[in-house]
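Student: have a look; sequence and predicted model below, questions after that.
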Amino acid sequence: MLFNEIVFGPIHSRRLGISLGINLLPTESKLCNFNCIYCECGWNIKAGKKKFNSRDEIRKHLELKLKLMRDENKCPDSITFSGNGEPTMHPEFAEIADDVIMLRNEYAPAAKISVLSNATMIANEKVTAALLKIDNAILKLDSGISETAILINKPQFTFSVDRIIENMQNFKKQMVLQTMFLRGICDGKKIDNTTEIEISAWLDAVKKIDPREIMIYTIDRKTPADSLQKISFDELDRIAELARKSGYKVMAAK
Ligand code: SF4
């Protein structure tokens with residue numbers, strides 16, 4: 001499923017309420033430095049466009065839509081950077097975040113600004129500084145074990161969970177951690193990030209990162225890898241309970 005607009009929705013999000021989406025990535029194809037086996041945008045394709053939407057276009061489209069929503073008295077709960085890939089890969093992500101804050105303040109002051117990100121660009125200080133300005137920096141960590149994260153997220157570069165955890169520690173409670181729990185088989189390899197070893201490594205990572213909040217969820221739509229299974233809500237809730245016992249606020253999405 002691709003988003004063929006720069007500003008899309010609003011849609012009802014399990015986690016964010018009425019959410020107006022902003023897509024910084026191409027509208028015709030996905031652009032991401034991960035290739036997650038559960039990605040709702042499908043697999044990365046070699047012929048995919050590498051062009052980002054311009055800052056100017058994004059600002060114009062967002063202003064038009066927010067003005068309309070304000071006039072109809074239907075302001076969103078969240079203005080959310082998501083779309084066809086990883087928003088923080090946009091070279092002007094920080095400047096665009098400033099534009100969005102300004103437009104939110106003018107047209108929908110009660111709306112939160114959220115970014116759904118795979119956290120791969122947070123080694124870049126400018127990206128981290130921009131994420132720290134917005135309300136909800138929702139950063140992905142699907143396993144506390146690099147080998148498992150590589151199987152789930154298929155990063156397109158040298159990747160280490162330890163490095164991501166280290167960079168997440170710079171957020172000092174100003175980030176939301178998001179984790180997808182699932183099991184299945186992909187490329188002939190068994191994947192399950194709900195085993196005892198996995199949950200124990202994930203809880204260790206949670207304690208090191210010390211997020212403001214945690215969002216955990218499972219598969220909700222068709223996935224590019226077709227042998228994946230969602231986990232039950234009871235299982236999700238059991239994992240949530242373990243993190244709650246360590247003092248964290250956890251939302252398990254039904
Ligand atoms: S990080 Fe997000 S956009 Fe990128 S492949 Fe994973 S789910 Fe898809």
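Tutor: Now that the structure is in, tell me what you want to look at.
Student: helix, strand or coil for E28?
Tutor: Secondary structure, DSSP: H, G, I helix; E, B strand; the rest coil: E28 is coil.
Student: now for whatever residue of the stretch 151-254 of the chain ends up closest to the ligand: which residues touch it?
Tutor: Residue nearest to the ligand within the stretch 151-254 of the chain: N153 (6.1 Å; Cβ to the nearest ligand atom). The way it works is simple: take the backbone N, C-alpha and C, and place the C-beta from them, glycine included. N153 is in contact with F34, N35, C36, I37, N118, K140, D142, F159, counting by Cβ atoms under 8 Å, 6 or more residues apart in numbering.
Student: let's see it at 7 Å
Tutor: Going by Cβ atoms under 7 Å, 6 or more residues apart in numbering, N153 touches F34, C36, D142.
Student: next, count neighbours for E106.
Tutor: Using other Cβ atoms under 10 Å, E106 has 12 other residues around it.
Student: er, I134 actually
Tutor: 20.
Student: and T195, by the same measure?
Tutor: 11.
Student: next one: Q174
Tutor: 16.
Student: how close does it get to R59?
Tutor: In this view, Q174 and R59 are 25 Å apart by Cβ to Cβ, to the nearest Å.
Student: give me the spatial nearest neighbour of I199, chain neighbours excluded.
Tutor: Closest residue to I199 apart from its sequence neighbours, by Cβ to Cβ, 6 or more residues apart in numbering: I239 at 6.1 Å.
Student: now that neighbour, what's its secondary structure?
Tutor: Counting by three-state DSSP, the backbone at I239 sits in helix.
Student: quick check: I6 vs A97, distance?
Tutor: Computed with Cβ to Cβ, the distance linking I6 and A97 is 15 Å.
Student: pLDDT value on the residue of the stretch 151-254 of the chain closest to the ligand, please?
Tutor: Looking at N153, its pLDDT is 98.
Student: just the one 4 residues further on next, same as before
Tutor: Listed pLDDT for F157 reads 90.
Student: what's the spacing between the closest residue to it other than its chain neighbours and the ligand?
Tutor: Nearest residue to F157 in three dimensions, chain neighbours excluded: N33, at 6.2 Å (Cβ to Cβ, 6+ apart). Distance, N33 to the ligand, using Cβ to the nearest ligand atom, to the nearest Å: 7 Å.
Student: let me see the contact set for the residue in the stretch 51-200 of the chain that the ligand sits nearest to.
Tutor: Residue of the stretch 51-200 of the chain nearest the ligand, by Cβ to the nearest ligand atom: N118 (3.7 Å). Going by Cβ under 7 Å, 6+ apart, N118 touches F34, E86, K140.
Student: let's see it at 10 Å
Tutor: By Cβ atoms under 10 Å, 6 or more residues apart in numbering, the contact set of N118 is 32-34, 36, 85-89, 139-142, 153, 155, 164, 178.
Student: related to what we said a few turns ago, ok, and the most crowded of the contacts of N153?
Tutor: That'd be D142 among the contacts of N153, by other Cβ under 10 Å, with 25 neighbours.
Student: for that residue, helix, strand, or coil?
Tutor: coil.
Student: you'd agree E147 is in a helix?
Tutor: Yes - per three-state DSSP, E147 lies within a helix segment.
Student: ok, back up a step: these two touch, right, the residue nearest to F157 and S117?
Tutor: No - using Cβ atoms under 10 Å, N33 makes no contact with S117, being 11.0 Å away.
Student: look up the closest residue to L131, ignoring the ones flanking it.
Tutor: The nearest residue in space to L131 (Cβ to Cβ, 6+ apart) is A137, at 4.0 Å.
Student: sounds good, over and out.
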